[in-house]
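Asks: model this:
(chains A and B)
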Amino acid sequence: MTENHKREATAASGELPNRRAILKTGAGLSAFVGGVSVPSLSMAQAATGLPLAVPEWMKEQGRPILSPPYGVPSPFEKDVVRRQRETRVTDTAATSFSPLQNSFGIITPNGLCFERHHAGVPNIDPDRHRLLVHGLVERPLVFTMDELMRFPSVSRIAFLECSGNTPNWKSVSADFGVQQTHGLLMCCEWTGVLLSTLLDEVGVAAQAKWVLAEGADAAAMTRSVPIAKALDDAIIVYGQNGERLRAEQGYPLRLFLPGYEGNMNIKWLRRLKLGDQPFETREETSKYTDLMPGGKARQFTFVMEAKSVITRPSGGQRMRGGPGFYEISGLAWSGRGRIDRVEVSTDGGQSWHEAELQEPILSKAVVRFRAPWRWDGKAALLQSRAIDETGYVQPRHDELVDVRGVNSFYHYNAIQTWRVDSDGRVAIHVA
Amino acid sequence: MWRSSRFFVVLIAFLFNTVTIAHAAERLGIGHAVSPQDFAAWDIDVRADGAGLPEGRGSVAEGREIFARVCAACHGEKGEGKAVPGAVGGFDRLVGGAGTLDKASPTLTVGSYWPYATTLFDYVRRAMPFSAPQSLSNDQVYAVSAYVLYMNNILPEDGVLDAKNLPQVKMPNQDGFITQDPRPDVKSKD
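Replies: Modelled structure (predicted):
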């Protein structure tokens, strides 16, 4: 493939005018789009290389089947990868970010799910893995993977977000794109056994109030989970997007707590211990607590509140086609349930327009929103805000910081602003 | 779905008084019974009330030697943490920060922030030293915990820790946590 072809492949990845989107535009949105005229195609045509030639890949057989047996993305997509934000002192207690700027729909492909490990990724032989359930139970039991997979199963599409996602409390880095600001987010179909099913099997004692979940990694990661959550919608997961969990996501077994902060979804799960009080682990005292103005800290702040972000156009991208039609596209989610509405602004929040929500709109899953936009070539400030089924409205930065100060580190969910410059560059905006 | 269909099965079994079929309180019979001896090596958690603390003891003096040999390379000779050129963050500081929690740039350490001393034992036993987790004996974990508390002026120089007195150590920030989640706490003006 020539350099030219590669450039074309990237140019085609989203910013061509989309007539169907214009036609599908609801009446309420037409004012937002402006007058619907045929968009200028000059830039796009220039990139296609007229007259159209028959390319070499039509003149020979392509690759045979099974090359490779486990499919991988096209080589042209080699830049769509997880990235580290900055070098840390170790690369096992570390984080990598999902490329949300390249995402479509709501499902995060398994190879692009963000990573947050505290002691690296263990290489676990599933035949030697065991889950122990004990403590305040009628009969402590140990399960093999085969046994766990004999239980009645459930599947659910749900998001998982690290509570440290979006570090905008004190300042923003000018070169951060949506991968760096919001890339600690994934949404997958998770398959496993309801934790309540397993707890029926061991018999929960009446005094049990908390469940300690422990991982089989070198951090032996532990968090305490309220029994109400354990009996509600917690899942012991072995499947992710139609295949076994990826090692980075806890293979062969993880805890999944829909809507709760990422760290609690213990990976490489080996042990559940029921107790009558929280276990006060390092990850629920020293870390994953929110320091408030005045010096007190909030503990056990589990739910991820409603949040949204525009993924395209977003920081680091360019309005390649020049002035004209673009679709604003992004993700919204709430740990409290369904997203009710997403609104989009192109003038920094002075006026808001309701975005279209793409089905399916699922509880505690990300939803894809989109809004048609005719860019006039002038500077613009793009924002989105989510409203969930409880009526909660995603706050502005100043509203959030007024209450929480700037030292709480976790659970930042304020509105994100991307600045579009008149030269077509898109970058993070400092309010 | 499963719950309701299971209820249905129970109902049918009840109505027709036929075979005994699994019901809500009955087991599917999957898994193996275990006794505490079977999982002693895994049962390593320690709670704030001291539940789970093993036998053993360790002194500040013993801890000083272990810390210098095993921990200081990353956390610094005096637990002051360590910066690494070219890397963000550095290795965690374990000492200091008293009185900074309400300041513009607070320093969160075992001494200034952690509410329970038992958490230190639990964490070091399961996760430290980073390069060789679960390699220290219980006595060594008591000792090195004692030394970290000593460096934070929480234990005296002749201090000794064991299962009895560790839960009694009062941490400076023990009352620093709000345990009821007050959210939603931010109201956006629509």
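Asks: unless I'm mixing things up, residue A:363 is touching residue A:340, no?
Replies: No: Residue A:363 sits out of contact with residue A:340 when judged by CB atoms under 8 Å, with a separation of 11.3 Å. In this view, the C-beta of every residue, glycine as well, is placed from N, C-alpha and C.
Asks: intersection of neighbour lists for the two?
Replies: Residues touching both residue A:363 and residue A:340 (CB atoms under 8 Å, 6 or more residues apart in numbering or on different chains): residue A:389.
Asks: residues contacting the residue most central in space within chain B?
Replies: Note on chain B: the residue nearest the mean C-alpha position is residue B:119, at 4.0 Å, using CA atoms, centre = their mean. By CB under 8 Å, 6+ apart, the contact set of residue B:119 is A:280, A:281, A:282, A:285, A:286, B:46, B:48.
Asks: Farthest-apart pair in those residues, please.
Replies: A:286 and B:46 (14.6 Å; CB to CB).
Asks: how about the strands of the stretch 51-200 of chain A, start to end?
Replies: Listed in chain order, the strands of the stretch 51-200 of chain A (DSSP state E, counting those that start in this stretch) span A:94-96, A:115-117, A:130-135, A:141-144, A:154-161, A:185-194.
Asks: same question for the last one, mean pLDDT?
Replies: Confidence over strand A:185-194, taken as the mean pLDDT, stands at 98.
Asks: Adjacent strands (with direction) for that strand?
Replies: strand A:154-161 (antiparallel), strand A:235-240 (antiparallel) (DSSP bridges).
Asks: just the fourth one next, same as before
Replies: Within its sheet, strand A:141-144 is paired with strand A:130-135 (antiparallel), strand B:32-33 (antiparallel), according to DSSP bridges.
Asks: Wait, a helix at the residue nearest to the centre of chain B?
Replies: Yes: when classified by DSSP: H, G, I helix; E, B strand; the rest coil, residue B:119 is found to be part of a helix.
Asks: State the pLDDT value of residue 17.
Replies: I'll assume chain A. As predicted, residue A:17 sits at a pLDDT of 33.
Asks: try chain B instead
Replies: Confidence at residue B:17, expressed as pLDDT, is 41.
Asks: circling back to that earlier point, relative to residue A:396, which of the strands paired with strand A:185-194 is closest?
Replies: Across the strands paired with strand A:185-194, residue A:396 has its closest neighbour in strand A:154-161 (19.6 Å, CB to CB).
Asks: if we can go back for a sec, closest to residue A:69 out of the strands paired with strand A:185-194?
Replies: When the strands paired with strand A:185-194 are ranked by distance to residue A:69, counting by CB to CB, first place goes to strand A:235-240 at 19.4 Å.
Asks: Would you map the helices across chain B?
Replies: In chain B, helices defined by DSSP state H lie at B:2-16, B:60-66, B:72-75, B:117-127, B:138-151, listed in chain order.
Asks: re the thing from before, JSON lines for the strands paired with strand A:185-194, including mean neighbour count?
Replies: Putting the strands paired with strand A:185-194 into JSON lines (neighbours: other CB atoms under 10 Å in any protein chain shown) gives the following:
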{"stretch": "strand A:154-161", "mean neighbour count": "21"}
{"stretch": "strand A:235-240", "mean neighbour count": "23"}
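Asks: In CSV, list the ones you listed along with mean pLDDT.
Replies: Rendered in CSV, the data for the strands paired with strand A:185-194 read as follows (pLDDT from 0 to 100):
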stretch, mean pLDDT
strand A:154-161, 98
strand A:235-240, 98
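Asks: Those into TSV, with extra columns for distance to residue A:58?
Replies: Written out in TSV, the entries for those read as follows (distance: least, CB to CB, whole Å):
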stretch	distance to residue A:58
strand A:154-161	38
strand A:235-240	37
